[in-house]
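Chemist: Sequence unavailable; structure follows:
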C-alpha cells in the first residue's frame, strides 16, 4: 500500500510512456505495415519521458508559484494584523489566477530609448535558469529528473545564469535607476554565491559525490522513521544548513536581503521599466528560484525525500520545501531590510570565514572514528565544539565591524 | 558530423563572430556569453560534463559579469561613430592577433594529447579529476591557488590605496 502511493507518479509516468509507444506502434502499423524498430521505439519512449518530466515539473511548480504568492500575502497579512486577499474564491485562494489574468492583459510598455532586443530577452533569460534548476533535484524515490554525476555544480552553474538576466534587464531598460538596481543585485548575488557554494561543500565532502541522488541516498536510514541520517543533525550539517538558508535568501533576493528591489527606500531596481507579463515573468523567476533553492536545501541537509513512512517520499520532499518557503515568508515579515554595506560586510566578513571554518570542522568529523555509539558521540561533541568556537571567533573578532555605522565617502 | 555538432558549431562560431563584429559593446558581450555556452555545449558533447558545468559557472557566472562591469565603467558604450577604414591600430591588432595565433598554433601542433582518441562513454569523471588534481597535479594546483591568492591580495591593496588617497 505504501509502495503504491510512494511510486504512484513513477507508475503513472511509466504507464503513459508505454501508452505513447503502443500508440506509435499501431500508427506505424497502419502507415507502414509494421511496428517501429527498436531504435525508434527507444527514441519515442525517451522523448515522451522528457516531455512528461518537463510538463510535470513546470505545471506543478507554476501552480506552487501561484499558491506561494497567495500564501505569502496571507502570512504577511497575518503578521501585519490584517486580512490579506479574501475576495476571489475561498480565503482568496484564487487571487493568483486573477493576478495572472490582470498581468496578461496589462499593456506592455517598452521605453522609447530601450535596447529592444535585450529588454525583450531579459525576462526569458531570467526564467530559464529558475526552471532548469528543478531538473537536478530528486523529488522522491526513483523520481530524479536527471541523475547527473555533477548535479550540485550543475545546479549552481545554471543559477549563475540568472545574474546575467538581471543585468540584461537593467541595461536594456536604458534607465539609470534600472542599471543601478541591476548593479546592486548582481554585486549581491555574486557575493552570496560564494558562501552558498561553500555551505554545500561539507555535504559533498562527506558523501564523496556531487550527485544529488547519491547525496539523498547517503542520508537514508533503515526502519520506519528514516530521519536519523539527515545531515542537519550533525554539527557541521546544522551550521551548513543555517549558512545555506541565509545565503539562499540573499541569492533569491528575498527580504531582509531584497536590496535589489527595495521599493520603499530606493526605486525598485532592475525591473522598474517592466510592466505586464514581463514583470510577472521576473516575479515568477524569483519565486521559482526561491523554491529551487529550498529544494536544494532539503536535498543537501534535510534528507531529501527521506522521512517517516507515513507519507510518500515525494510528499515529504514537498512538505520540507514548503516549510523552508514558509520560513522565508516569516523572515520577510519579521526582519527589516539590510543596508547595502552591512549586506556586503556580512557576506565577506561573517559568512565566508564561518563557511571555511565549517569545512575544516567537516574534515575533522570525516577523520574521527565513528564505529561505536560512544565514538560517534565524541566525534559529534568535538565537531560541535569546533563549530561553536568558529562561530565565536567569527562573531567576536572577524565580523566585529560589520555592523558599524556607515562611513559616507562622497555624501558626508 | 552529426546534428548536435553542427548546431553547437553554429552557436559557437556565431557568438564569436558577433562578439568581434557588433558595434554595440553590450551586445558584443552577450554574444560572447552565447559563445561560452557553445563551448560548454561542446564539453557536454565530448562527455566532459564536469568541465562543461565549470565552463558555465566560471565564464558565464563570473567572467562575463566581470566583463560587463568593466564595460559599465567605460565611457562610450555604443560606438555609433564609424571608424576610419584604415588606422595604425589595425597594425597593433594584427601583431597581437598574430602573436596569439602563433602561440596557439605551436601549442596545438606540439600537443600529443590531441592525437589520442578520447575514451567513449566514460560515466564518471569528477572523482578522477579530483584524484588527479590531488596527486599528480598537486604542485601546479597549489601554484595556481597561490597565484590567485596573490591576485586577490593585490586587488585589495590597489583598492585600499585609492581609498587612502581620497581621504
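Modeler: Okay, I see it. Predicted, not measured: the structure shown is a model, and the values here were computed from it.
Chemist: Whichever strand or helix holds residue B:12 close to chain A?
Modeler: Under the criterion of DSSP states H and E, residue B:12 resides in helix B:3-21. No. Helix B:3-21 stays clear of chain A (Cβ under 8 Å from any Cβ of the partner chain), getting no nearer than 12.0 Å. C-beta: built from backbone N, CA, C; applies to glycine.
Chemist: what's the burial count for the one residue in chain B that gets nearest to chain A?
Modeler: In chain B, no residue comes nearer to chain A than residue B:61, which is 2.8 Å away by Cβ to the nearest Cβ. Residues contacting residue B:61 under the criterion other Cβ atoms under 10 Å in any protein chain shown number 25.
Chemist: and the closest residue in space to it that isn't next to it in sequence, what element?
Modeler: Ranked by Cβ to Cβ, 6 or more residues apart in numbering or on different chains and with sequence neighbours excluded, the top spatial neighbour of residue B:61 is residue A:160, at 2.8 Å. Using DSSP H and E, residue A:160 sits within helix A:151-172.
Chemist: Which SSE is immediately downstream of that helix?
Modeler: Remark: after helix A:151-172, the chain's next helix or strand is helix A:176-207, criterion DSSP H and E.
Chemist: What's the mean pLDDT across that next one?
Modeler: Averaging pLDDT along helix A:176-207 gives 87.
Chemist: Now the element after it, going C-ward?
Modeler: Heading C-terminal from helix A:176-207, the first helix or strand you meet, by DSSP H and E, is helix A:212-218.
Chemist: what's the next secondary structure element after that following helix?
Modeler: helix A:235-251.
Chemist: where does chain A have low pLDDT?
Modeler: By pLDDT under 70, the weakly predicted segments of chain A are A:263-267, A:398-407, A:409-412.
Chemist: give the contact list for the residue of it found nearest chain B.
Modeler: Chain A approaches chain B most closely through residue A:160 (2.8 Å), counting by Cβ to the nearest Cβ. Applying Cβ atoms under 8 Å, 6 or more residues apart in numbering or on different chains, we find residue A:160 in contact with A:129, A:193, B:56, B:57, B:60, B:61, B:62.
Chemist: Drop anything exposed from these.
Modeler: A:129, A:193, B:56, B:57, B:60, B:61 (16 or more other Cβ atoms under 10 Å in any protein chain shown).
Chemist: With distance to residue A:71 and secondary structure added, can I get those residues in CSV?
Modeler: Formatted as CSV, the buried ones among the contacts of residue A:160 follow (distance: Cβ to Cβ, whole Å; DSSP: H, G, I helix; E, B strand; the rest coil):
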residue, distance to residue A:71, secondary structure
A:129, 23, helix
A:193, 27, helix
B:56, 33, helix
B:57, 32, helix
B:60, 33, helix
B:61, 31, helix
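Chemist: I'd like those residues laid out as CSV, including distance to residue A:49.
Modeler: Output for the buried ones among the contacts of residue A:160, formatted as CSV (distance: Cβ to Cβ, whole Å):
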residue, distance to residue A:49
A:129, 23
A:193, 32
B:56, 25
B:57, 28
B:60, 28
B:61, 30
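Chemist: Can you tell me which of these is closest to residue A:314?
Modeler: Within the buried ones among the contacts of residue A:160, proximity to residue A:314 (Cβ to Cβ) peaks at residue A:129, which comes in at 23.3 Å.
Chemist: Next up, the contacts around that closest one.
Modeler: With contact set as Cβ under 8 Å, 6+ apart, residue A:129 has these partners: A:158, A:159, A:160, A:161, A:162, A:165, A:285, A:289.
Chemist: quick one: which of those is most hemmed in?
Modeler: The residue in these with the most neighbours, by other Cβ under 10 Å, is residue A:162 (27 neighbours).
Chemist: What sits closest to that residue if chain neighbours are left out?
Modeler: residue A:129 (4.6 Å).
Chemist: ditto for residue A:358
Modeler: Residue nearest to residue A:358 in three dimensions, not counting chain neighbours: residue A:239, with 4.8 Å by Cβ to Cβ, 6+ apart.
Chemist: buried stuff in the helix of greatest length in chain B?
Modeler: In chain B, assigned by DSSP state H, the helix with the most residues is helix B:138-166. Under the neighbour-count criterion of 16+ other Cβ under 10 Å, helix B:138-166 has nothing buried.
Chemist: What about residue A:268, how many residues nearby?
Modeler: When neighbours are counted by other Cβ under 10 Å, residue A:268 comes out with 17.
Chemist: mean confidence score for the longest helix of chain B?
Modeler: Confidence for helix B:138-166, expressed as mean pLDDT, is 83.
Chemist: Tell me who's in contact with residue A:106.
Modeler: Under the criterion of Cβ under 8 Å, 6+ apart, the contact list for residue A:106 reads A:275, A:276, A:277.
Chemist: I'd like the distance between the residue nearest to residue A:358 and residue A:388.
Modeler: Computed as Cβ to Cβ, to the nearest Å, the residue A:239 to residue A:388 distance reads 9 Å.
Chemist: of the two, who's got more company?
Modeler: Between residue A:239 and residue A:388, counted using other Cβ under 10 Å, residue A:239 has the larger neighbour count: 26 against 13.
Chemist: Show the contacting residues for the more buried one.
Modeler: When the contact criterion is Cβ under 8 Å, 6+ apart, the partners of residue A:239 are A:354, A:358, A:361, A:387, A:390, A:391.
Chemist: Return the per-residue confidence for the residue most central in space within chain B.
Modeler: When Cα atoms, centre = their mean is applied to chain B, the residue found nearest the centroid is residue B:59 (6.2 Å). At residue B:59, the predicted lDDT confidence score is 90.
Chemist: Good, we can wrap up now.
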